[in-house]
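Chemist: okay, predicted coordinates and the sequence, questions at the end:
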Amino acid sequence: MRTILLDTHIFLWMHHEPEKLPAKIGTLLKNKEVRWYVSQISVWEIQVKYDTGKLSLPTPPGECIPNLITQSRLAYQGLQDSAVFMLGKLPMIHRDPFDRLLIATCIVNGWTLATQDEQIPKYPVLTLT
């Protein structure tokens, strides 16, 4: 079974702007042979962006994000120490700490990262765009 981790923007698009989802990702979301994950890293990023006014949501993240995860039937991945330690082995191509942690999570687990971020494929990580 293929395992794919959603980048934060893909997770948000799924629920708030599905028209932005790339066709390939939209099609794969319906495939029962794919296991989809959202990460605690994305939940953290959403909260930080909401708190700094960079992200608008219909309700505070603590109210809406757990419900969105449950409704979408995504598996939930907590932050792993092995992903944190992988950061020291990654080149500093991308400066966003959340994206770097998502990349590291995929590398240590052998997963694919669903993203539209053009910097991420420069890392040794499988991507779905």
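Modeler: That came through fine. Numbering: from 1, shown residues only.

Chemist: going by C-alpha atoms from here, please, whenever you check contacts or count neighbours.
Modeler: Fine.

Chemist: go through the lowest-mean-pLDDT helix or strand in the chain and flag the buried ones.
Modeler: When the helices and strands of the chain are compared on mean pLDDT, DSSP states H and E, helix 23-28 comes out lowest with a mean of 91. Residues of helix 23-28 classed as buried: I25 (neighbour count, 16 or more other C-alpha atoms under 10 Å).

Chemist: other SSEs contacting the helix or strand following that helix?
Modeler: Sequence order places strand 34-39 as the next helix or strand after helix 23-28, per DSSP states H and E. If contacts are counted by 3 or more C-alpha pairs under 8 Å, 6 or more residues apart in numbering; DSSP states H and E, strand 34-39 sits against strand 2-6, strand 75-77.

Chemist: neighbouring strands - and their directions - for strand 34-39?
Modeler: strand 2-6 (parallel), strand 75-77 (parallel) (DSSP bridges).

Chemist: need the residues that contact the shortest one.
Modeler: To tie it back to what came earlier, the one meant is strand 75-77. With contact meaning C-alpha atoms under 8 Å, 6 or more residues apart in numbering, strand 75-77 is reached by R35, W36, Y37, V38, S39, Q40, I69.

Chemist: widest-spaced pair of the residues you listed?
Modeler: R35 and Q40 (16.4 Å; C-alpha to C-alpha).

Chemist: the helix or strand hosting I69 to strand 34-39, inter-axis angle?
Modeler: For I69, the host element (DSSP H and E) is helix 61-72. If you take axes from the mean of the first three to the mean of the last three C-alpha atoms, to 10 degrees, helix 61-72 sits at 170 degrees to strand 34-39.

Chemist: tell me how far helix 61-72 is from the chain's mean position?
Modeler: 14 Å (C-alpha atoms, centre = their mean, to the nearest Å).

Chemist: which helices and strands does that helix pack with?
Modeler: helix 40-51.

Chemist: so who does P58 touch?
Modeler: Taking C-alpha under 8 Å, 6+ apart, one finds C64 in contact with P58.

Chemist: what sits against C106?
Modeler: Going by C-alpha under 8 Å, 6+ apart, the list of residues near C106 reads L5, T112, L113, V125, L126.

Chemist: which one of those sits closest to C64?
Modeler: L5 (19.7 Å).
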